[in-house]
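Visitor: need a structure here:
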Amino acid sequence: MKIFSKIDISTKHLNELIKFCIPRGCKIKELHIRTSKNKSYAWYGYYAPDSKIIRIGIGKESWFPMIVDRVDKDVKEGYKTDFLLSSRDECLVYVLSHELRHLWQGQNKKAPRKGKIKSTYSESDADIYALYKLRQWRRKKEKAALELLKLQYLMLEQTY
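Guide: Prediction:
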């Protein structure tokens, strides 16, 4: 796997995100990720089936939180709408998961798709997977935060 990164996130953290988002059995050939400079797009993602290359751009942390509100044309294509991306990490999880699901779709053409649109590269299937991974990410972060609070509480208890 080749990763070309032009983003201010550590390689270790980026690898953690990729490992978390990648569908089981999926192999990444090449991933390009960068900071998006165009404020019109908080993110973009593109999977090129012919070359098997994924390109992703993510906005700056200051651009988040944001509500994803899609236009009717995108909803008809299968994209989900009306959900929150509270941070840059959440946006990365969402976009990485979505584009990696397209890679998986290409590698598993006969596998069933979720959602209304069942085409080989289904946007509804990719978005359903991306939102599922986003929910898992949030639960993982909530669990870690609760463990930290418990630890802090135990430390405070020992001081009294």
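Visitor: Off-centre distance for the lengthiest helix in the chain?
Guide: Of all segments of type helix in the chain, defined using DSSP state H, the longest is helix 123-159. Mean C-alpha position of helix 123-159 versus that of the full chain (Cα atoms, centre = their mean, to the nearest Å) differs by 16 Å.
Visitor: and the nearest residue to Gln136 once chain neighbours are set aside, how many neighbours does it have?
Guide: With sequence-adjacent residues excluded and distances taken as Cβ to Cβ, 6 or more residues apart in numbering, Gln136 is closest to Phe20, at 7.8 Å. (C-beta placed from N, C-alpha, C; glycine too.) Neighbours of Phe20 under the rule other Cβ atoms under 10 Å: 15.
Visitor: doesn't Arg34 fall inside a helix?
Guide: No: according to DSSP: H, G, I helix; E, B strand; the rest coil, Arg34 belongs to no helix; its state is strand.
Visitor: That one touches Ile3, doesn't it?
Guide: No: the criterion here is Cβ atoms under 8 Å, and Arg34 misses it with Ile3 at 11.4 Å.
Visitor: Using PDB, write out every CA atom in the helix or strand bottoming out on mean pLDDT in the chain.
Guide: Least confident helix or strand of the chain, by mean pLDDT, DSSP states H and E, is helix 72-77 with a mean of 84. In PDB, the C-alpha atoms belonging to helix 72-77 read as follows (Å, rounded to 0.1, in the frame of the first residue of the first chain):
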ATOM      1  CA  ASP A  72     -31.900  16.400  -4.000                       C
ATOM      2  CA  LYS A  73     -29.800  15.100  -6.900                       C
ATOM      3  CA  ASP A  74     -27.200  13.600  -4.500                       C
ATOM      4  CA  VAL A  75     -30.000  12.000  -2.400                       C
ATOM      5  CA  LYS A  76     -31.500  10.400  -5.500                       C
ATOM      6  CA  GLU A  77     -28.000   9.000  -6.300                       C
END
